[in-house]
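Enquirer: Dropping a prediction and its sequence here:
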Amino acid sequence: MPFEWTYFFSMFSMPAFWKASWTVVKLSTLAWLIGMLIGFGLASAKQSLHAWVRMPASIYVWFFRSVPLLVLLIFVYNLPQLFPGSGPILSQPFYAGLFALVLTEAAYMAEIHRGGLLSVAKGQREAARALGIRGLGTQRLIVVPQAFRIALPTLTNEYVTIVKLTSLVSVISLTELLLVGQRLYAQNFLVLETLGAVALYYVLIVSLFGWLLQYLERHLDLSRRKSETLEGARLQTLRESLPASTAATAQSPRAGMPDALRLNGVHKRYGNHHVLKGIDLRVRPGEVISIIGPSGSGKTSLIRTVNGLERIDEGEIVLFGESFIHAGDAPDSRRLRAGVRRIGMVFQSFNLFPHRTIVDNVLLAPRYHRLGDTATLRQQALALLDKVGLLAHAEKYPHQLSGGQQQRVAIARALAMKPDIMLFDEPTSALDPELVGDVLNVIRDLASEGMTMLIVTHEMDFALSISDRVVFMEDGHIGLDASPEAIRNHGSERVRRFIGLETDRT
Ligand SMILES: Nc1ncnc2c1ncn2[C@@H]1O[C@H](COP(=O)(O)OP(=O)(O)OP(=O)(O)O)[C@@H](O)[C@H]1O
């Protein structure tokens, strides 16, 4: 029997097929969107620290990924027998189909989102915490936009799967494409021609929406963004419109002024690994202290305890005369956040927010904390970028800058919160040697402006040249806490050798 081409083409002008296509599009799109939202909630719940949140989400995902959609469709459609109240909605095939699809898809999408969420680097959340941004704000501004971009190709693929799954909804008599086709070939027996047309309708829908979603993916792909460096007159005009940078708070110590920071008997353990063994440290306002020492001696751990990124097991941290962190106390997140806002942190690996432009990176925390109106904050952010020599790059994305430039942005981002103390955790360790100088110069400028700073560093010459005191850490203890001058003249041979000074003092 020859293929009936005329009949085949006639099906593309039949209103019943176009109506059914619209049903498929509506059903797929709604199931995709609702499934995506619920899936995100489930993925977040699965990451919760609380078992009572994690467990139900895990059970949901496990159960609905295991139940075949066909079984679920028939079950949902018949639910009104058990719950007559659901009748007005679930006895309509469209809503029953949507409900069953959403139940299944939410479970699949939860796993897709979980992959996206796990791909967001830990440093992103730490950077947000160091800027005093709360959990929900971190999710909304930093984690979700990145996780969504990572998950988007797989989510797009899931849309295609849903479009095809809608053909199953014919079992509960929804007039979608397959059912329209089945009714036709039951009358004319032209099975191949009819199913061929049905298949082509699906291909059309999948192609159209696949193309739209690919467009969205390309639009969100940051690597495709053009990098725009401001030059010449435009840069000059912008610079002239900016306010003077108000970054560092010059703090000449006055009599009776409390210490900027005080660590009293701080202990820190990772499991049974005792990393900080009773640290006592005083930092006066305006003082610059470099923390040096062999690898693994606890320098990074120490600096991270100061702004609460690491919990302490014993001891107390006092900020400007007020107890800030006290081991054993119930966590006081309000007090912690208030303290953290006074402390800027610069990380070894920059931890810039990759989905935001440079100026937005600087602007994000002040805007979140509502430190002023957006226009003023933006001007201040640009002024800070000018201060670190990056005004021309304000509209670029982090990946379009060198490591040294990214680290200077990270410094500007921390300064934008107008901190009283700045912490630097090996700020130049991840940089190529030729990029180190510019970052150190920015830190040097801050020191000369009177910013109180704690700097973990392996740059010995730098540490000796800008610090008021150098703290030498060894095996979780402070082995030496002295001025550079004292170290040069009277430091032990061990310390002098570590720093690379001539040990022969004769
Ligand atoms: N999250 C962690 N979990 C378990 N152990 C950790 C953790 N962070 C650090 N440590 C351990 O604590 C010790 C001190 O680490 P820390 O990073 O503070 O040292 P450091 O002096 O900064 O070293 P480096 O100069 O190499 O960065 C190391 O032995 C390290 O392995």
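Expert: Received, thanks.

Enquirer: Quick one: low-confidence residue ranges for this structure.
Expert: 245-255, 501-506 (pLDDT under 70).

Enquirer: now do 50
Expert: Applying pLDDT under 50 to the chain flags residues 505-506.

Enquirer: Mind naming the longest helix for it?
Expert: helix 15-46 (DSSP state H).

Enquirer: Just checking, which helix or strand succeeds that helix along the chain?
Expert: helix 51-66 (DSSP states H and E).

Enquirer: In this structure Gly87 contacts Pro80, no?
Expert: Yes - the pair Gly87 and Pro80 passes the contact test of Cβ atoms under 8 Å, sitting 3.8 Å apart. Where you see a C-beta, it was placed from the backbone N, CA and C, and this is true even at glycine.

Enquirer: quick one: Lys418 from the ligand, how far?
Expert: Lys418 sits at a distance of 27 Å from the ligand (criterion: Cβ to the nearest ligand atom, to the nearest Å).

Enquirer: what do you get for Gly265?
Expert: Taken as Cβ to the nearest ligand atom, the span from Gly265 to the ligand is 18 Å.

Enquirer: any idea how far Ile292 is from that residue?
Expert: 22 Å (Cβ to Cβ, to the nearest Å).

Enquirer: More neighbours: Gly87 and Pro80, which one.
Expert: A direct count of neighbours by other Cβ atoms under 10 Å for Gly87 and Pro80 places Pro80 higher, at 16 against 12.

Enquirer: need the contact list for the more buried one.
Expert: By Cβ atoms under 8 Å, 6 or more residues apart in numbering, Pro80 lies in contact with 86-87, 90-91.

Enquirer: angle of the longest helix of the chain against helix 51-66?
Expert: 150 degrees (axes from the mean of the first three to the mean of the last three Cα atoms, to 10 degrees).

Enquirer: buried set for helix 15-46?
Expert: Neighbour-count burial for helix 15-46, counted by 16 or more other Cβ atoms under 10 Å, picks out 17, 20-21, 23-24, 27-28, 30-32, 34-36, 38-40, 42-46.

Enquirer: and the closest residue to Phe347 other than its chain neighbours, how many residues sit next to it?
Expert: Nearest residue to Phe347, sequence neighbours excluded (Cβ to Cβ, 6 or more residues apart in numbering): Asp425, at 5.5 Å. Number of residues near Asp425 (other Cβ under 10 Å) recorded here: 21.

Enquirer: if I read this right, Lys46 contacts Arg54, doesn't it?
Expert: Yes - using Cβ under 8 Å, Lys46 is in contact with Arg54, at 5.8 Å.

Enquirer: count of residues packed around the closest residue to the ligand within the stretch 101-250 of the chain?
Expert: Closest residue of the stretch 101-250 of the chain to the ligand, Cβ to the nearest ligand atom: Lys122 (9.9 Å). As a burial measure, Lys122 scores 8 neighbours (other Cβ under 10 Å).

Enquirer: Would you mind listing what in the stretch 301-450 of the chain touches the ligand?
Expert: Ser301 (Cβ under 6 Å from any ligand atom).

Enquirer: In three-state terms, label the residue nearest to Leu382 when sequence neighbours are not counted for me.
Expert: The shortest distance from Leu382 to any non-neighbouring residue, by Cβ to Cβ, 6+ apart, is to Leu242 (5.4 Å). Three-state call for Leu242 (DSSP: H, G, I helix; E, B strand; the rest coil): coil.

Enquirer: what's near enough to touch Leu242?
Expert: 379, 382-383, 386, 391.

Enquirer: now the helices: where do they sit in the stretch 51-200 of the chain?
Expert: Applying DSSP state H, counting those that start in this stretch to the stretch 51-200 of the chain gives helices spanning 51-66, 69-77, 79-82, 87-90, 93-119, 122-130, 135-138, 144-165, 177-188, 191-220.

Enquirer: so which of those helices is the most packed in?
Expert: Ranked by mean neighbour count under mean count of other Cβ atoms under 10 Å, the helices of the stretch 51-200 of the chain are led by helix 93-119, which reaches a mean of 22.

Enquirer: That helix: how far from the chain's middle?
Expert: 23 Å (Cα atoms, centre = their mean, to the nearest Å).

Enquirer: That helix packs against which elements?
Expert: In terms of contacts (3 or more Cβ pairs under 8 Å, 6 or more residues apart in numbering; DSSP states H and E), helix 93-119 is packed against helix 15-46, helix 51-66, helix 69-77, helix 87-90, helix 144-165.
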